[in-house]
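# how does the following fold in three dimensions:
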Amino acid sequence: MNYWIAATGALALAVAVTAQGTTLLHNAKAQVTTPCGASHYMRHITRQAESALQAGLKTAQSALETSNKLRVVASSKTGGAATAASILAANLASEAAKAIETIKTETTNFLAGFAAAAELAGQQDIVSEIKTAEVQDVNTQTAAQAVTNPGIIQVKPKLTIATTAACFNANGTPITDGDSQQTKPAEPTLKFFVFSANTPGTTHDELLTICGHANTGTPTSSGCTTSATSIGIKGGPFLKTAPVTTTRTASSTDKTYPAITSTTTIPNDKTLNKAVTAIRKLETAVAALDAI
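Next up is the predicted model:
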């Protein structure tokens with residue numbers, strides 16, 4: 001019976017100490033080439049962090065339950081058996097307390113990280129939805145018509161409305177960029193997509209300009225000229241997207257993500273850097289639980 005107590009207690013203690021392991025918060029093979037890919041990568045990070053938090057809670061619960069069982073055994077035994085059970089119960093209770101205290105300490109970082117990941121995912125959803133927004137073409141009409149009611153020429157914005165949830169297929173599966181065949185470097189890179197104003201053309205027949213033509217009723221897609229007899233609108237996208245990235249430093253003791261510089265975009269660098277700082281806090285919170 002003494003051997004059973006020792007073996008069971010030792011095994012339970014080992015499980016309590018090693019249950020966490022190392023959480024793979026980042027996917028080293030993930031490709032992020034679109035706003036939807038960036039959005040779902042943030043969701044991936046959230047899921048992994050949630051799993052780490054749940055595992056930490058499970059570790060603490062398991063250690064406490066086993067500790068209580070061993071205390072019952074200790075109370076029913078005498079001599080060496082009681083002593084062994086009491087020692088193991090105390091050790092397990094200590095591990096449970098350590099796990100609970102770590103979770104308590106890191107709660108703020110978990111909450112900040114979850115909120116930041118949700119914010120970043122939502123921003124990328126919006127980028128994916130609005131990136132096709134454009135100004136519609138307007139067929140040519142005489143200059144007099146173009147500035148006279150009721151036929152005054154109008155600059156008409158156009159949005160392409162999705163029929164599914166942003167960044168999800170009709171069947172509810174995520175629209176992702178998939179994984180690459182090669183593993184990326186050890187330090188993760190965070191990539192996001194930002195908006196900036198598109199640059200109008202500088203000559204006739206270019207996007208976002210007045211279209212001149214000799215004839216009225218001519219689609220601007222047919223070509224614009226320098227004629228001022230009739231005018232229309234040569235439309236096109238009025239926003240453009242570009243990626244911004246930050247790769248976690250590998251050399252510093254307290255690893256950080258270098259600040260993103262993107263002052264003329266939506267979202268801007270201040271918005272992104274604030275969220276990325278919270279993502280780093282989430283990483284440290286997960287690492288703290290892994291170390292239990």
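
# give me the neighbour count for residue 188.
By the measure other C-beta atoms under 10 Å, the count of residues near residue 188 is 20. (Each C-beta comes from the backbone N, C-alpha and C, glycine too.)

# and the pLDDT at the closest residue to it other than its chain neighbours?
Of all residues not flanking residue 188 in the chain, residue 26 sits nearest, at 4.1 Å (C-beta to C-beta, 6 or more residues apart in numbering). At residue 26, the predicted lDDT confidence score is 93.

# I'd assumed residue 45 was in contact with residue 26.
Yes. In this structure, residue 26 is within contact of residue 45 by C-beta atoms under 8 Å, at 7.1 Å.

# which of the two has more neighbours?
A direct count of neighbours by other C-beta under 10 Å for residue 26 and residue 45 places residue 45 higher, at 25 against 19.

# what residues of the helix or strand harbouring residue 288 count as buried?
Following DSSP states H and E, one finds residue 288 within helix 269-290. By 16 or more other C-beta atoms under 10 Å, the buried positions in helix 269-290 come out as 269, 271-273, 275-276, 278-283, 285-286, 288-290.

# span of stretch 23-37 from start to end?
21 Å (C-alpha to C-alpha, to the nearest Å).

# ugh, wrong one, stretch 247-256
Separation of the first and last residues of stretch 247-256 by C-alpha to C-alpha is 9 Å.

# now do the buried residues in that stretch.
residue 248.

# how close does residue 74 get to residue 68?
Distance of residue 74 to residue 68, given as C-beta to C-beta, to the nearest Å: 11 Å.

# and these two? Which one has more around it.
Taking neighbours as other C-beta under 10 Å, residue 74 and residue 68 compare with residue 74 leading, 20 against 14.

# show me what secondary structure element comes after whichever strand or helix holds that one.
Counting by DSSP H and E, the element that carries residue 74 is helix 35-76. Counting by DSSP H and E, the element after helix 35-76 in chain order, helix or strand, is helix 79-130.

# touching the helix or strand that that following helix is followed by from outside, list them.
Where DSSP H and E defines the elements, the next helix or strand beyond helix 79-130 is strand 134-135. Outside strand 134-135, the residues that touch it by C-beta atoms under 8 Å, 6 or more residues apart in numbering are 155, 156, 157, 158, 208, 233, 235, 236, 237, 238.

# recalculate using a threshold of 10 Å.
155-160, 198, 200, 207-208, 233-239 (C-beta atoms under 10 Å, 6 or more residues apart in numbering).

# dump stretch 121-131 to CSV, keeping only the CA atoms.
Output of stretch 121-131 as CSV, limited to C-alpha atoms (Å, rounded to 0.1, in the frame of the first residue of the first chain):
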residue,chain,number,x,y,z
ALA,A,121,-8.9,40.7,-36.6
GLY,A,122,-11.9,43.1,-36.9
GLN,A,123,-9.8,45.8,-38.5
GLN,A,124,-8.5,43.3,-41.1
ASP,A,125,-12.1,42.1,-41.8
ILE,A,126,-13.0,45.7,-42.5
VAL,A,127,-10.0,46.1,-44.8
SER,A,128,-11.0,43.0,-46.7
GLU,A,129,-14.6,44.3,-47.1
ILE,A,130,-13.8,47.9,-48.2
LYS,A,131,-10.7,47.4,-50.3
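
# quick one, helices of the stretch 101-250 of the chain?
With DSSP state H, counting those that start in this stretch, the ranges of helices along the stretch 101-250 of the chain come out as 143-146.

# what's around residue 143, how many residues?
The burial count for residue 143: 15, using other C-beta under 10 Å.

# that one and residue 202: what is the separation?
From residue 143 over to residue 202 the distance is 21 Å, taken as C-beta to C-beta.

# re earlier: specify the local secondary structure of the residue nearest to residue 188.
Here residue 26 is recorded as coil under DSSP: H, G, I helix; E, B strand; the rest coil.

# what's the spacing between it and residue 226?
Applying C-beta to C-beta to residue 26 and residue 226 gives a distance of 55 Å.

# I'd say residue 249 and residue 258 touch.
Yes. If you go by C-beta atoms under 10 Å, residue 249 and residue 258 touch, sitting 6.7 Å apart.

# once you drop chain neighbours, what's closest to residue 221?
In space, residue 221 is closest to residue 137, 6.3 Å off (C-beta to C-beta, 6+ apart).

# that neighbour contacts residue 210, correct?
No. Counting by C-beta under 10 Å, residue 137 does not reach residue 210; the two are 11.8 Å apart.
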